[in-house]
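Novice: Need a 3D model of the following:
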Amino acid sequence: MATSSSAPATETSTASAFVAVIVSFLVWGLANPVYFKLLGGIGPVEIVAHRVVWTVVLVGLGVLALKGPAAIAAAVGNWRRLGIFLVSTLLVTTNWTTFIWAIGQNRLVEASLGYYINPLVNVLLGVVFLGERLNRRQLAAVAIAGLAVAILVAAHGAVPWVALALALSFGFYALVRKKAAIDPVIGLLVETLLLLPAALAYLLWLGGGGSFGHTAGGSLLLVLAGPVTAVPLVLFMIGAARLKLSTVGVLQYLSPTCQLLLGVLVYGEPFTTTHALAFGCIWLALLVFSADALSTHRAAARAAAE
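Specialist: Residues are numbered from 1 along each chain as shown. Sure thing, here's the model as predicted:
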């Protein structure tokens with residue numbers, strides 16, 4: 001009886017986790033770009049400053065209510081760990097500012113390319129910093145992704161720096177977080193707390209909080225920077241903890257796909273033959289990479305079963 005009653009509960013839990021991850025990627029891929037587009041008249045640094053302030057308010061209240069101040073102190077721990085947080089804070093600030101700037105400059109298509117490249121950047125960082133080794137399919141995937149960047153450089157005579165900045169900043173951010181084994185929510189709170197003095201100083205320098213308080217609609221949008229930042233992260237944590245890594249790995253491509261479609265179909269950004277060739281290479285690279293990851297996962301599952 002216990003086995004039969006627990007099976008539906010497990011299925012429900014998995015279904016809820018799947019929905020949570022899907023919603024998190026939809027927020028990152030659709031809601032975030034639309035939200036930052038609505039703030040187009042405000043500079044990216046000011047938006048990041050408000051994002052920091054309202055994330056501290058929202059996440060801080062949540063952490064204090066659920067875990068208490070001791071959890072924050074324990075997360076920082078010592079000077080070395082504080083130094084790690086300073087590095088991760090710099091990386092996440094770079095990522096946020098670049099993404100918001102790209103949306104304001106109608107470069108969402110290039111931003112989506114960065115998040116398509118990101119999984120392959122993670123592979124390379126694993127090789128360089130974690131001593132991981134690439135098999136032939138992984139090497140092929142990285143080489144094909146490199147070809148995509150080369151196509152864009154040859155066609156436009158410039159490096160797609162927005163895509164590379166987003167992929168590298170988020171890749172190094174994930175690497176630092178992985179090595180430090182930091183709780184995602186508490187980590188986000190500590191990072192924004194470290195940024196809070198600079199954010200408040202900048203808003204005061206702008207004069208009375210910058211754009212905040214001028215209109216009710218604009219002020220509400222700026223306050224929503226907290227939920228827009230924290231909610232998808234919490235949903236992702238809830239879902240990813242209960243789903244297979246391979247499932248999450250496939251679902252992560254939903255976010256840049258939404259960004260690409262939004263940029264081309266809604267905001268009218270150009271998608272040329274060069275873009276088609278470059279994105280075609282990226283999609284092929286990701287197909288090779290995902291097939292290799294799925295094969296490895298299945299082999300590990302068979303070995304565990306035996």
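
Novice: alpha carbons only for contacts and neighbour counts from here, please
Specialist: OK.

Novice: Now do the buried residues in stretch 137-153.
Specialist: Of the residues in stretch 137-153, those with enough neighbours to count as buried (16 or more other Cα atoms under 10 Å) are 137-142, 144-152.

Novice: quick one: average confidence on that stretch?
Specialist: Within the predicted structure, the mean pLDDT of stretch 137-153 is 88.

Novice: Any chance you could list what contacts that stretch?
Specialist: For stretch 137-153, the external contacting residues (Cα atoms under 8 Å, 6 or more residues apart in numbering) are 117, 120, 158-160, 274-275, 277-282, 284-286, 288-289, 292.

Novice: Okay, helices next: where are they in the stretch 1-150 of the chain?
Specialist: Assignment of helices within the stretch 1-150 of the chain using DSSP state H, counting those that start in this stretch yields the ranges 2-26, 32-38, 44-66, 69-76, 79-104, 108-130, 136-156.

Novice: Turn those into JSON lines, including distance to Lys244.
Specialist: Output for the helices of the stretch 1-150 of the chain, formatted as JSON lines (distance: least, Cα to Cα, whole Å):
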{"stretch": "helix 2-26", "distance to Lys244": "10"}
{"stretch": "helix 32-38", "distance to Lys244": "26"}
{"stretch": "helix 44-66", "distance to Lys244": "27"}
{"stretch": "helix 69-76", "distance to Lys244": "27"}
{"stretch": "helix 79-104", "distance to Lys244": "26"}
{"stretch": "helix 108-130", "distance to Lys244": "16"}
{"stretch": "helix 136-156", "distance to Lys244": "20"}
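
Novice: Lowest mean pLDDT across those helices, which one is that?
Specialist: When the helices of the stretch 1-150 of the chain are compared on average pLDDT, helix 2-26 comes out lowest at a mean of 72.

Novice: How many neighbouring residues does the nearest residue to Leu82 once chain neighbours are set aside have?
Specialist: If you skip the residues right next to it in sequence, Leu82 has Val76 as its closest partner in space, 5.6 Å away by Cα to Cα, 6 or more residues apart in numbering. For Val76, the neighbour count with other Cα atoms under 10 Å is 18.

Novice: quick one: Val76 from Leu189, how far?
Specialist: Per Cα to Cα, to the nearest Å, Val76 is found 11 Å from Leu189.

Novice: Sitting in helices, which of the contacts of stretch 137-153 do you find?
Specialist: 117, 120, 274-275, 277-282, 284-286, 288-289, 292 (DSSP state H).
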